[in-house]
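1. pasting the sequence and the predicted coordinates here, then a few questions.
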Amino acid sequence: MDAAITKLIRLMGHFTVVCGQPKADERLRWFLENVPVSGTGYGMGAFVHSFMDSLLTYGNALGEVVLTENGGGIYGLYNSPLDHVEARRAGNGLDTELFVRQGGSLLPVLRPELVLFAAHNPKAGQVAGRSLLEGLPFVTGILLQIYDSIGKNFERVGNLRFAVTYHPPDTQTDRAYARERAQAIAKEWQSAISSESVKDFVAVGDVDIKVIGADNQVLDTQVPVRQMLEQMVAKLGVPPFLLGLNWSTTERMSSQQSDILTSELESYQGLLTPIILRICRIFLRLEGFGAEPTLEWHDLSMQDVLEGANARLANAQAARIEHELEGRSPVGTRS
């Protein structure tokens, strides 16, 4: 699940923000590439990655635009933990109000225009979003139970237990000393097993040694594990081979899978677009520019890019052939 979320974020691609003014575009480009993020990274990409990871994992994401001391510029961007702030529906029923937890009370956020809040697929009438992992605890519970049983079986296989049975002969003398002989056999067997080097076990009489549980049938877990993984992959929306699940000999993404994945990524882009534009708008206003930024996402589908490249190649080859044919002069006709 962690791998799926990481790949979804990376597959979202890159974006370009322009505002139509050369000087403003140059400053905005520098800001997007060099803005400090949470004290550990630089660039809008680092902020978007952390913001989107929180949004998909928890259903909500929280960020903040940190201004300089004099308030004349942006010092950096901060990805805030969700447990610091509580979101509530405003009195008008449309807006969202944010409150900060301090001690045992909730205080309104002083600068809500600098706080970035997003919710993923919230239910009707609610502010809190829903995690991409919602509904998976039941499936993962079954899967972890299967893996736990597999681990116990391998532990038993690697750490064998033996049943040593002594059958005394049907004579009165042997029956009288059966207890002492059984204790001697047990002592010698324990010595042979606990020895660091290979040691033989020699016994007199009818002694039967069996491995406990050797006759039990090991359950086939391939089918139930695959069924549970299929449910998880269907929820996450990532092709199985991207997660290392090779269920067929010819794993490739079909056009239908590509379209579905593209639509999922476009919906996530729609959640990020207003957040990014809001940050850029704050930066431009603080820099003294009144232009309105516009965000353009790069192409998502590599299949479309490949098909477009192949089409351009075919057109170029056709144009070259036509040019060569036009350059040839007729040499005459034969009857």
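-> Looks like it arrived, so ask away.
2. after the lowest-mean-pLDDT helix or strand in the chain comes which helix or strand?
-> Ranked by mean pLDDT, DSSP states H and E, the helix or strand of the chain with the weakest confidence is helix 172-176, at a mean of 70. Per DSSP states H and E, the first helix or strand lying C-terminal to helix 172-176 is helix 178-194.
3. just list what that following helix packs against, helices and strands only.
-> In terms of contacts (3 or more Cβ pairs under 8 Å, 6 or more residues apart in numbering; DSSP states H and E), helix 178-194 is packed against strand 162-167. From N, CA and C alone the C-beta is placed, and that goes for glycine too.
4. tilt between the strand it packs on and helix 178-194?
-> Angle, strand 162-167 to helix 178-194, by axes from the mean of the first three to the mean of the last three Cα atoms, to 10 degrees: 150 degrees.
5. export strand 162-167 to PDB, keeping only CA atoms.
-> What follows is strand 162-167, C-alpha atoms only, in PDB (Å, rounded to 0.1, in the frame of the first residue of the first chain):
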ATOM      1  CA  PHE A 162      10.400 -35.200  17.700                       C
ATOM      2  CA  ALA A 163       8.300 -37.900  19.300                       C
ATOM      3  CA  VAL A 164      10.500 -40.800  20.700                       C
ATOM      4  CA  THR A 165       8.500 -43.900  21.600                       C
ATOM      5  CA  TYR A 166      10.000 -47.000  23.300                       C
ATOM      6  CA  HIS A 167       8.100 -50.300  22.900                       C
END
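6. list the helices and strands it packs on?
-> Judged by 3+ Cβ pairs under 8 Å, 6+ apart, strand 162-167 is in contact with helix 178-194, strand 206-211.
7. what's the neighbour count on Pro118?
-> Actually, residue 118 is Ala. It isn't Pro. 18 (other Cβ atoms under 10 Å).
8. is it correct that it is in contact with Leu271?
-> Yes - contact criterion Cβ atoms under 8 Å: Ala118 and Leu271 qualify, at 5.6 Å.
9. give the residues shared as contacts by the two.
-> Counting by Cβ atoms under 8 Å, 6 or more residues apart in numbering, the common neighbours of Ala118 and Leu271 are Leu55.
10. so which residues of the stretch 51-200 of the chain form strands?
-> Using DSSP state E, counting those that start in this stretch, the strands of the stretch 51-200 of the chain run over residues 60-67, 74-79, 85-89, 96-102, 105-108, 115-119, 162-167.
11. got those strands as JSON lines, with distance to Cys280 and mean pLDDT columns?
-> Shown next, in JSON lines, are these (distance: least, Cβ to Cβ, whole Å; pLDDT from 0 to 100):
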{"stretch": "strand 60-67", "distance to Cys280": "11", "mean pLDDT": "91"}
{"stretch": "strand 74-79", "distance to Cys280": "10", "mean pLDDT": "92"}
{"stretch": "strand 85-89", "distance to Cys280": "23", "mean pLDDT": "83"}
{"stretch": "strand 96-102", "distance to Cys280": "21", "mean pLDDT": "83"}
{"stretch": "strand 105-108", "distance to Cys280": "26", "mean pLDDT": "83"}
{"stretch": "strand 115-119", "distance to Cys280": "12", "mean pLDDT": "89"}
{"stretch": "strand 162-167", "distance to Cys280": "72", "mean pLDDT": "80"}
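12. kindly reformat the ones you listed as JSON lines containing distance to Phe31.
-> As requested, those are exported to JSON lines (distance: least, Cβ to Cβ, whole Å):
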{"stretch": "strand 60-67", "distance to Phe31": "11"}
{"stretch": "strand 74-79", "distance to Phe31": "7"}
{"stretch": "strand 85-89", "distance to Phe31": "25"}
{"stretch": "strand 96-102", "distance to Phe31": "25"}
{"stretch": "strand 105-108", "distance to Phe31": "29"}
{"stretch": "strand 115-119", "distance to Phe31": "16"}
{"stretch": "strand 162-167", "distance to Phe31": "71"}
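13. can you list the domains in this protein?
-> 2-134+239-298, 138-211, 301-330 (automatic domain parsing).
14. which among those is found nearest to Arg226?
-> domain 2-134+239-298 (7.1 Å; Cβ to Cβ).
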